[in-house]
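[1] turn this into a structure:
(one chain, ligands or ions: 1)
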Amino acid sequence: MTFIEALKHRWQQANSLVCVGLDPEPAKFPAKFTNDPDAIFAFCRDIADATAEYVCCFKPQIAHFAAHGAESALERLIAHIHATHPGIPVILDAKRGDIGSTAQQYAAEAFDRYQADAVTANPYLGRDSVQPFLNRADKGVVILCRTSNAGAGDLQDLSIHADGNTRPLYQHVAEKVAGEWNGHGNCALVVGATWPAQLREVRAIVGEMPFLVPGVGAQGGDVEAVVKNARTTDGTGLVVSSSRAILYASGGDDYADAAAHAARTLRDQINRYR
Ligand SMILES: O=C(O)c1cc(=O)[nH]c(=O)n1[C@@H]1O[C@H](COP(=O)(O)O)[C@@H](O)[C@H]1O
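    Predicted structure coming up:
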């Protein structure tokens, strides 16, 4: 099954558009992990196991592992998710992209080393920098379009003239990906939850393409506006991702239960507006 097929299957099976972002920050872990040399793996595993029934995807963020020398924990975490929760796709958030020979290594890193089902990619080096990911037809390529951060507009909103149109750069990216880069049907776009108007605009450009939508929870995105502006005609099309608001819902021993409650609450909130 391809990433996109697995995602569509999971949207239906779990009746959920929620993605739990796995962004470990050991300083925020409950006290029981203080002297645990494998705390990053153990904490993320507990969160994944507690929230699995409420999610369509998991999204580990690579810097949150690599900064602590915990690449082996990331490998084992993704293997654990595949073994224990088969059918839940894993998106590796690495925002990769480079000249072809290096991008080839990034694709091997994400898909062969870490066994991710999809990876986030930065399109701003151009098509050849993303091509090694696009070539993996069974894997997902989740391309940055209009990011959630405050400075997203600094460059992504610049007005450009291309293909006979004048419009913001992120809209040009959306059209390029939908019209030219998606030959294998394995692309998705990142559009931040913090930008409801842009979500609506990108949806109008790309039709039914899935969106990864980070920015609800800690970044304050409005769930109702996200769903109403960006769902597809069948009420899916979205991978609404939240990390800190779920991972650190409690700093106490009830962290796993609190995370499950936060994930279920987000699922139900999204479903109210679908
Ligand atoms: O590609 C991403 O996942 C991403 C894109 C974007 O535009 N904004 C964004 O916040 N992210 C990631 O999504 C996660 C958001 O975390 P929280 O704000 O804690 O929910 C982080 O891991 C970010 O790196």
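[2] which stretches in the stretch 51-200 of the chain count as strands?
    Chain-ordered strands for the stretch 51-200 of the chain, with DSSP state E, counting those that start in this stretch as the definition, fall at 57-60, 91-96, 118-121, 140-146, 159-162, 165-168, 187-191.
[3] output the ones you listed in a markdown table, with mean neighbour count and mean pLDDT appended to each entry.
    The way it works is simple: take the backbone N, C-alpha and C, and place the C-beta from them, glycine included. Shown next, in a markdown table, are the strands of the stretch 51-200 of the chain (neighbours: other C-beta atoms under 10 Å; pLDDT from 0 to 100):
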| stretch | mean neighbour count | mean pLDDT |
| --- | --- | --- |
| strand 57-60 | 26 | 99 |
| strand 91-96 | 23 | 98 |
| strand 118-121 | 28 | 99 |
| strand 140-146 | 27 | 99 |
| strand 159-162 | 10 | 95 |
| strand 165-168 | 14 | 95 |
| strand 187-191 | 26 | 99 |
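[4] residue numbers of the stretch 51-200 of the chain in contact with the ligand?
    Proximity of the stretch 51-200 of the chain to the ligand, by C-beta under 6 Å from any ligand atom, involves residues 61, 93, 95, 120, 147-149, 190, 192.
[5] nearest to Ser250, of those residues?
    Ranked by distance to Ser250 (C-beta to C-beta), these are led by Gln61 at 20.5 Å.
[6] can you report how many residues lie near that closest one?
    21 (other C-beta atoms under 10 Å).
[7] and if you look at the one 4 residues further on?
    The local packing of Phe65 (other C-beta under 10 Å) involves 23 other residues.
[8] that one reaches Glu75, doesn't it?
    No - contact between Phe65 and Glu75 fails when scored by C-beta atoms under 8 Å: they sit 9.1 Å apart.
[9] what about the helix or strand encompassing Thr265, near the ligand?
    Assessed by DSSP states H and E, Thr265 sits inside helix 255-272. No - Helix 255-272 is not in contact with the ligand by C-beta under 6 Å from any ligand atom; minimum separation 10.5 Å.
[10] same for that helix, what does it pack against?
    Under the contact definition 3 or more C-beta pairs under 8 Å, 6 or more residues apart in numbering; DSSP states H and E, helix 255-272 sits against strand 18-22, helix 39-51, helix 223-230, strand 238-242, helix 244-247.
[11] ok, back up a step: distance to Phe111 for the strands of the stretch 51-200 of the chain - can I get that in TSV?
    Below are these laid out as TSV (distance: least, C-beta to C-beta, whole Å):
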stretch	distance to Phe111
strand 57-60	14
strand 91-96	9
strand 118-121	7
strand 140-146	10
strand 159-162	31
strand 165-168	31
strand 187-191	15
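[12] about what we covered before: chain center to the helix holding Thr265: distance?
    The chain centre lies 17 Å from the centre of helix 255-272; the measure is C-alpha atoms, centre = their mean, to the nearest Å.
[13] next, the buried residues of it.
    By neighbour count with 16 or more other C-beta atoms under 10 Å, helix 255-272 contains the buried residues 255-256, 258-264, 266-267, 270.
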